[in-house]
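>>> Here's my sequence, what's the structure:
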Amino acid sequence: MSNRLSILIAEDSAADRMLLSTIVSRQGHRVLTASNGLEAVALFEQERPQLVLMDALMPVMDGFEASRRIKVAAGEALVPIIFLTSLTENEALVRCLEVGDDFLAKPYNQIILQAKITAMDRLRRLQQTVLEQRDLIAKHNEHLLTEQRVAKAVFDKVAHSGCLSAANIRYLQSPFALFNGDLLLAAFKPSGGMHVLLGDFTGHGLPAAIGAMPLAEVFYGMTAKGFSMAEILREMNAKLKRILPVGVFCCATMLNLSFQRRVVEVWNGGLPNGHLLHADSGERVPLVSRHLPLGVLDPGSFKDVYEVHPLSLGDRIFLLSDGVLETCDASGQLFGEDRLLRVLAAGHRPESLFDEIQAALAAFRGEAQDDVSMIELAMVEDGQLARPPLAFSDSGQSSALDWAASFEFRAEALKRFNPLPFLLQLLMEVQGLRARGGALYTVMAELYSNALEHGVLRLDSALKSDAQGFSLYYLERGRRLRALDKGLVKFELELLPEAGGGCLRIRVQDSGEGFDVADVMARQADGGSLCGRGMRLVRQLSDHCEWSADGRITIVEFRWAAQA
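Just a heads-up that it's a prediction; the model follows:
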């Protein structure tokens, strides 16, 4: 029979032992017999029966002690023990159930005995199934944890491969799960400054982190190639919209921090307000969410419009995820924005504010209900931060050193296309230029910005004399660029071999009316001005620069020595 059991009968009475053996055998089970508790324990350890019929009172070792030893020997497996007893006292019967699993009163009833064996076998099989399922779950869980550990290692290398360790950055990240739905990205731009992104995917854990790797890939890849913040935002939104399921998106704030121009561009889509704190005046400027999160809108409907704020040394920017504001105390009360604003307005020294916010969260004794992330960025001198060298793919082939190329970008291209990554990628094929890649990126960016904004769009940099004018300048820039129907910027690149190295000559021309070069140079002598720093920077970073008399043409040169 399929449910045939191996049953141990421990009974000191030979007659009762014989009677039970006969009944159990006729029911189709295999029988083992013992005359006392000590024999029962030894036989159990040797034969491992599936069920025990145990007499309570026996010589040498009683049934209670034998049952305890059998239970220990059985370990996690359930071996049901049915006590055979003539005891009638309640305390004795309770003891049978404490040590064993059931009892059968003498004289024995064959039908009841069969029913109890069947019931105990059903219980044994259920316990066996539970243990098997537990072991299977544990195996699957260990496999899942191993996969998650590997995925987490890859995720961390991709998501945290930037410059979060830079001296002007402090951050707090406490994941609600192994994987963090919050994402902190920071990377130096080739032309100077850095891009920073704080993202918060819907949910938390692995599902929330699925979109983080492609988003980080776009962020780091396009930043390294010199793309603008607006172009990176558009690409990230398009990619997330394409790959994420409906209802999954990424609230995000992205910053373009320029140490040379001392400005920050801010785009906030769905995150709590960030905060810009001016060190000198103590003024706090909220960085308000004005857009939908990344991955919600189709590319045609997405808005990459950002705000521009001037910065001074010591100014600080705070960004946070909603997990900070939604931290709860024991009574379920939220930390909330009001408590955060009170910390920001309490008059603490700017350099201690990050610690004060963390202390306020700790004093609140809250428990995170979501991923909690916060980042602080400080405006510092451009040369204060150590930047890693720019990374380039190298085919191992020698690059040509004697060529010239001309590129003319007209109105429609200027409105929709950033030529800098294209031009700079071409120039970075020249191995001799790679050591000066950062300076070259910066100069090219300044030349293009000046040609487009002051030449083609005819914007007056004097507008940027104060913070309000700065904001108006960039609003007007966007308006004029959208309305642009004529104009051009022309780049002429010439690579010349020289004794012991080479020379790159860049000629930039625009269709504007030009400007008074001497007057602009004079205004640049005012170090406190928010405008006019670009031309001075170009002169500092290039080996030679000159402007035509009418200001419409700029020529710069970069030289390098041949590598040994």
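
>>> Quick check: Leu184 is in a strand.
Yes - judged by DSSP: H, G, I helix; E, B strand; the rest coil, Leu184 forms part of a strand.

>>> I figured it hits Gln173, correct?
Yes - counting by CB atoms under 8 Å, Leu184 touches Gln173, with 6.1 Å between them. Placement of C-beta: from N, CA and C, glycine included.

>>> and these two? which has more neighbours close in?
Neighbour count, other CB atoms under 10 Å: between Leu184 and Gln173, Leu184 has more, with 23 against 18.

>>> what residues are shared contacts of Leu184 and Gln173?
Taking CB atoms under 8 Å, 6 or more residues apart in numbering as the criterion, Leu184 and Gln173 both touch Ser373.

>>> Skip ahead from the longest helix along the chain and say which helix or strand is next.
Criterion DSSP state H: the longest helix present in the chain is helix 110-159. Next helix or strand after helix 110-159 toward the C-terminus (DSSP states H and E): strand 169-174.

>>> Give me the contact list for that next one.
With CB under 8 Å, 6+ apart, strand 169-174 has contacts from 163-164, 180, 182, 184, 186, 196, 354, 358, 368, 371-378.

>>> per-residue confidence averaged over it?
What strand 169-174 shows for mean pLDDT is 87.

>>> Dump that strand to CSV, restricted to CA.
Output of strand 169-174 as CSV, limited to C-alpha atoms (Å, rounded to 0.1, in the frame of the first residue of the first chain):
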residue,chain,number,x,y,z
ILE,A,169,29.5,67.6,-2.3
ARG,A,170,27.9,66.1,0.8
TYR,A,171,25.1,63.6,0.6
LEU,A,172,23.0,61.3,2.6
GLN,A,173,21.4,58.1,1.2
SER,A,174,19.6,55.5,3.3
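
>>> Next, the buried residues of that strand.
169-173 (16 or more other CB atoms under 10 Å).

>>> Would you reformat those residues as TSV and include distance to Gly247?
TSV is the format used below for the buried residues of strand 169-174 (distance: CB to CB, whole Å):
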residue	distance to Gly247
Ile169	32
Arg170	33
Tyr171	28
Leu172	28
Gln173	25
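
>>> Return the member of these nearest to Val31.
Taking CB to CB as the measure, Val31 sits nearest to Gln173 out of the buried residues of strand 169-174, at 65.6 Å.

>>> still on that earlier bit, report the buried members of the contacts of strand 169-174.
163-164, 180, 182, 184, 186, 196, 354, 368, 371-378.

>>> Which of those fall in strands?
182, 184, 186, 196, 372-378 (DSSP state E).

>>> isn't Pro272 right next to Phe318, touching?
No - Pro272 lies out of contact with Phe318 (CB under 8 Å); the separation is 10.3 Å.

>>> I'd like the distance between Met222 and Lys189.
10 Å (CB to CB, to the nearest Å).

>>> Could you report the neighbour count for Glu492?
Around Glu492 there are 16 residues (other CB under 10 Å).

>>> and the residue most central in space within the chain, what are its bridge partners?
Centroid-nearest residue in the chain, with CA atoms, centre = their mean: Leu183, separated by 3.4 Å. Counting by DSSP bridges, Leu183 is bridged to Gly199.

>>> Hmm, it is touching Val196, no?
No - distance between Leu183 and Val196: 11.3 Å, which falls outside the contact criterion (CB under 8 Å).

>>> Would you report the backbone torsion angles of Arg4?
Phi and psi for Arg4, reported as degrees, to the nearest 10, are phi -70, psi 130.

>>> Which helix or strand in this protein has the lowest average pLDDT?
When each helix and strand of the chain is scored by mean pLDDT, DSSP states H and E, helix 517-524 comes last, with a mean of 65.

>>> C-terminal to it, what's the next element?
Past helix 517-524, the next helix or strand by DSSP H and E is helix 534-541.

>>> Check what contacts that next one and list those residues.
So helix 534-541 is contacted by 260-261, 439, 442-443, 446-447, 449-450, 520-521, 524, 545, 554, 556 (CB under 8 Å, 6+ apart).

>>> same question, stretch 66-74
Taking CB under 8 Å, 6+ apart as the rule, stretch 66-74 contacts 10, 37-38, 40-41, 44-45, 52, 54, 58, 79, 81, 83, 99-100.

>>> run the last query once more with 7 Å
10, 37, 40-41, 44-45, 52, 54, 79, 81, 99-100 (CB atoms under 7 Å, 6 or more residues apart in numbering).

>>> quick check, nearest of the residues you listed to Leu426?
Checking these against Leu426 by CB to CB gives Val79 as the nearest, at 78.6 Å.

>>> The closest one and Ser258, how far apart?
Counting by CB to CB - Val79 and Ser258 are separated by 75 Å.

>>> go on, Phe364?
36 Å.

>>> And those two? Which one has more around it.
Ser258 (21 against 16).

>>> any idea what Met54 is structurally, helix, strand or coil?
strand.

>>> in the sheet, who's paired with it?
With DSSP bridges as the rule, Met54 is bridged to Ala10, Phe83.

>>> Can you get me a residue count around it?
So Met54, with other CB under 10 Å, has 28 neighbours.

>>> Over to Thr118?
The number of residues near Thr118, taken as other CB under 10 Å, comes to 13.

>>> same question, the one 3 residues further on
Other residues within reach of Asp121, judged by other CB under 10 Å, total 17.

>>> what's the answer for Val246, then?
Neighbours around Val246, by other CB under 10 Å: 6.

>>> sorry, back to before: closest one of the buried residues of strand 169-174 to Arg507?
Ile169 (38.1 Å).

>>> what about that closest one, distance to Arg536?
Distance, Ile169 to Arg536, using CB to CB: 27 Å.

>>> Report how many residues lie close to Asn107.
Quick fix: residue 107 is Pro, not Asn. 8.

>>> contacting residues for Gly270?
251, 289, 292-293.

>>> Need phi/psi at Ser301.
Taking degrees, to the nearest 10 as the convention, Ser301 sits at phi -100, psi -10.

>>> so where's the stretch 51-200 of the chain uncertain?
Within the stretch 51-200 of the chain, the stretches with pLDDT under 70 are 156, 158-160, 175-180.

>>> Swap in 90 and give it another go.
54-58, 63, 75-78, 83-111, 113, 141-165, 172-184, 189-193, 200 (pLDDT under 90).

>>> dump the residue contacts of Arg479.
Per CB under 7 Å, 6+ apart, neighbours of Arg479: none.

>>> Can you give me the buried ones in the helix or strand containing it?
Element membership of Arg479, judged by DSSP H and E, is helix 467-483. By 16+ other CB under 10 Å, the buried positions in helix 467-483 come out as 467, 469-471, 473-474, 477, 481.
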